[in-house]
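Participant: here is my input, please return the structure:
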Amino acid sequence: MKRFWMRSLTSQLIGLMLLALVVAQGVFFLLSRSERETILRSIQRDEFLARIASVIRLLDTTDENLHPEILRAASTTLSRYWLTVDTPAEPANWQRTAREYLLRALPAGPLARGSEQPVGTAEKTGFVTNPRFFGTDLRVSDKPIWEPLASENWPGSRPARLITLEGWSGLGLAAQIRNGLWLQTVYARPDLITRSATHYYVSLGFTALLLLLVAILAARRIGRPLQRLTDSAERLGRGEEVELLPEAGPEDIRRTTEAFNRMQSRLRRFVADRTRMIAAISHDLRTPITSLRLRVEFVTDPEMKEKLIATLDEMQAMTEGALAFAREESTAEPTRTTDLDALLESLCADLAEMGWDVTFSNGERVAWRGRPDGLRRALRNVIENAVRYGNRARVSLAVSPDSLEVLVADDGPGIPPDEFERVFAPFVRLESSRNRSTGGVGLGLAIARTIVRAHGGDITLSNQNGSTAVSGLRVTIRLPRA
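Facilitator: Next up, the predicted model:
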């Protein structure tokens with residue numbers, strides 16, 4: 001989850017927006033729920049008391065034989081009315097009685113006095129459950145108490161007591177009517193809070209869906225230019241020719257794209273100028289070297305003449321090597337996909353046919369995108385060094401999810417660890433004789449590292465036993481997998 005969260009701008013933007021939505025809606029829900037419950041309970045209480053006052057006036061003005069019909073007509077699926085002679089019972093017992101009335105379905109026919117079932121049907125149908133409260137847990141609690149109603153809150157003229165049923169989201173009331181009877185009534189709506197919470201969750205889900213769509217559109221608008229920029233930067237780091245990116249999108253993204261295009265143009269110009277300068281210097285050095293070679297012919301001392309000619313030959317080789325490298329650099333080889341395993345196999349086979357001790361361990365067939373001609377030259381330089389200074393070259397290919405590693409090992413004396421970086425400098429040779437028959441001019445590894453780094457990779461050296469007492473050098477060419 002952490003990797004997914006940190007990897008994608010879209011996931012971060014969506015996550016932050018949803019987090020802000022949940023926090024904001026949670027605070028709003030807590031505040032609005034409290035206020036809504038207060039308002040609902042106030043309205044519920046006022047309507048409850050007003051309805052009961054009307055029922056009491058109706059009972060006081062009608063014949064007692066009509067009272068059962070009046071109570072049946074006044075009852076609803078959420079409320080029940082009944083008459084008792086005694087005063088209201090203790091709260092817990094009263095709640096049990098109220099629960100029995102609520103769970104009992106309303107009668108559908110005419111009532112006999114004092115009955116809660118249609119005449120002649122109780123024996124046939126038995127107890128019928130009120131579907132409104134079917135499966136509802138109306139728990140009895142000891143917390144509610146009877147509270148006398150003050151005259152300013154009770155529209156009736158006779159004493160009345162009120163009980164608040166929090167767990168039922170309802171109210172209970174007992175009020176005296178004529179003849180000393182007590183009218184008992186209960187009102188319950190347990191789904192009141194659930195219904196309000198359901199509406200909140202629906203609203204939250206709908207808002208979250210809208211924000212999710214907006215976040216995806218916004219992230220895609222930002223992410224697409226960034227993805228193009230990332231791809232172009234990766235390709236540019238591997239030395240590929242990259243077209244200038246379209247400078248569009250939001251202001252910040254557009255300015256970033258403009259800066260990347262300027263950087264790319266400056267890098268191209270810098271590399272081209274450097275390559276032209278190296279080529280020009282190498283070309284111009286030919287003339288004084290040729291002039292010196294002519295003058296050496298007039299030297300009479302044979303020993304001095306031989307040394308001067310050897311020095312001029314070395315200078316000539318260095319100049320030709322630098323000029324060849326500059327010419328190759330100035331040639332823009334197109335990037336294409338090739339089989340790296342096949343490239344290594346064919347290169348090692350060609351060198352083996354020339355009589356060199358080169359072996360290749362067949363690796364995994366893997367497609368690689370780059371400039372194969374340039375890489376072939378870099379690999380040839382490394383393998384030639386291994387054969388020249390280490391007698392033989394053992395080449396292998398290792399494949400990992402992020403990179404490709406070409407390993408070249410020899411059987412030579414190796415290199416002291418403090419010389420690992422120095423051998424990559426141009427015109428550096430650890431072999432001190434300076435004899436061209438024992439080595440080149442010192443550009444092989446420098447050219448190889450330049451080519452590999454232009455592909456976004458690198459070359460590292462290590463002795464095979466990892467100590468100063470060396471017994472063979474190991475060259476690792478690491479290339480990124482595009």
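
Participant: can you name the next helix or strand after the longest helix anywhere in the chain?
Facilitator: Longest helix in the chain by number of residues (criterion: DSSP state H): helix 9-60. Where DSSP states H and E defines the elements, the next helix or strand beyond helix 9-60 is helix 67-74.

Participant: contacts for the helix or strand following that next one, please.
Facilitator: Next along the chain after helix 67-74, taking DSSP H and E as the criterion, comes strand 79-84. By CB atoms under 8 Å, 6 or more residues apart in numbering, the list of residues contacting strand 79-84 from outside reads 51, 55, 67, 71, 74-75, 98, 101-102, 104, 116, 177, 181-188. C-beta: built from backbone N, CA, C; applies to glycine.

Participant: quick check, pLDDT for Val128.
Facilitator: For Val128, the pLDDT comes out at 59.

Participant: quick check: phi and psi at Asn362.
Facilitator: phi -60, psi 130 (degrees, to the nearest 10).

Participant: average pLDDT for stretch 290-309?
Facilitator: 84.

Participant: likewise stretch 268-286?
Facilitator: For stretch 268-286, the per-residue pLDDT averages 75.

Participant: for stretch 345-365, same thing?
Facilitator: 87.

Participant: give me the phi and psi for the residue nearest to Pro159 when sequence neighbours are not counted.
Facilitator: Of all residues not flanking Pro159 in the chain, Gln176 sits nearest, at 5.7 Å (CB to CB, 6 or more residues apart in numbering). Backbone torsions of Gln176, given as degrees, to the nearest 10, read phi -80, psi 140.

Participant: is Gln176 in a bridge, and if so with what?
Facilitator: Trp182 (DSSP bridges).

Participant: isn't it right next to Trp182, touching?
Facilitator: Yes: contact criterion CB atoms under 8 Å: Gln176 and Trp182 qualify, at 5.8 Å.

Participant: got any ranges where the stretch 101-250 of the chain has weak pLDDT?
Facilitator: 107-129, 131-137, 191-200, 204, 238-239 (pLDDT under 70).

Participant: can you pull out the strands in it?
Facilitator: Assigned by DSSP state E, counting those that start in this stretch, the stretch 101-250 of the chain shows strands spanning 147-148, 160-165, 170-176, 182-187.

Participant: in terms of secondary structure, what does the shortest one contact?
Facilitator: Read that as strand 147-148. If contacts are counted by 3 or more CB pairs under 8 Å, 6 or more residues apart in numbering; DSSP states H and E, strand 147-148 sits against strand 160-165.

Participant: need the CA coordinates for the strand it packs on. PDB is fine.
Facilitator: Below are the C-alpha coordinates for strand 160-165, written out as PDB (Å, rounded to 0.1, in the frame of the first residue of the first chain):
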ATOM      1  CA  ALA A 160     -49.800  14.500  33.000                       C
ATOM      2  CA  ARG A 161     -46.500  12.700  33.200                       C
ATOM      3  CA  LEU A 162     -43.900  12.300  30.400                       C
ATOM      4  CA  ILE A 163     -41.200   9.700  29.900                       C
ATOM      5  CA  THR A 164     -38.400  10.000  27.300                       C
ATOM      6  CA  LEU A 165     -37.500   6.700  25.600                       C
END
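
Participant: what does the host helix or strand of Asn93 contact?
Facilitator: In this structure, Asn93 sits in helix 91-103 according to DSSP H and E. Applying CB under 8 Å, 6+ apart, the contact partners of helix 91-103 are 80, 82, 88-89, 116, 129-130, 133, 138, 140-142, 144-146, 163, 165, 172, 174, 184, 186, 188.

Participant: redo that, cut-off 7 Å
Facilitator: 80, 82, 88-89, 129-130, 133, 138, 140, 142, 144-146, 163, 172, 186, 188 (CB atoms under 7 Å, 6 or more residues apart in numbering).

Participant: quick one: buried residues of the helix or strand containing Thr290?
Facilitator: Using DSSP H and E, Thr290 maps to helix 286-296. Of all the residues in helix 286-296, those buried under the rule 16 or more other CB atoms under 10 Å are Val296.

Participant: identify the residues contacting Gly412.
Facilitator: Per CB under 7 Å, 6+ apart, neighbours of Gly412: 389-391, 472-473.

Participant: could you give the backbone dihedrals for it?
Facilitator: Dihedral angles (degrees, to the nearest 10) for Gly412: phi -80, psi -170.

Participant: distance of it relative to Ser462?
Facilitator: From Gly412 across to Ser462, the span is 13 Å (CB to CB, to the nearest Å).

Participant: swap in Leu31?
Facilitator: Distance from Leu31 to Ser462, by CB to CB: 66 Å.

Participant: more neighbours: which of the two?
Facilitator: Between Leu31 and Ser462, counted using other CB atoms under 10 Å, the more crowded position is Ser462 (16 against 10).

Participant: over to that one. Which of the three states is it?
Facilitator: Of the three states, Ser462 takes strand under DSSP: H, G, I helix; E, B strand; the rest coil.

Participant: excluding chain neighbours, what is closest to Ala174?
Facilitator: Pro88 (3.8 Å).
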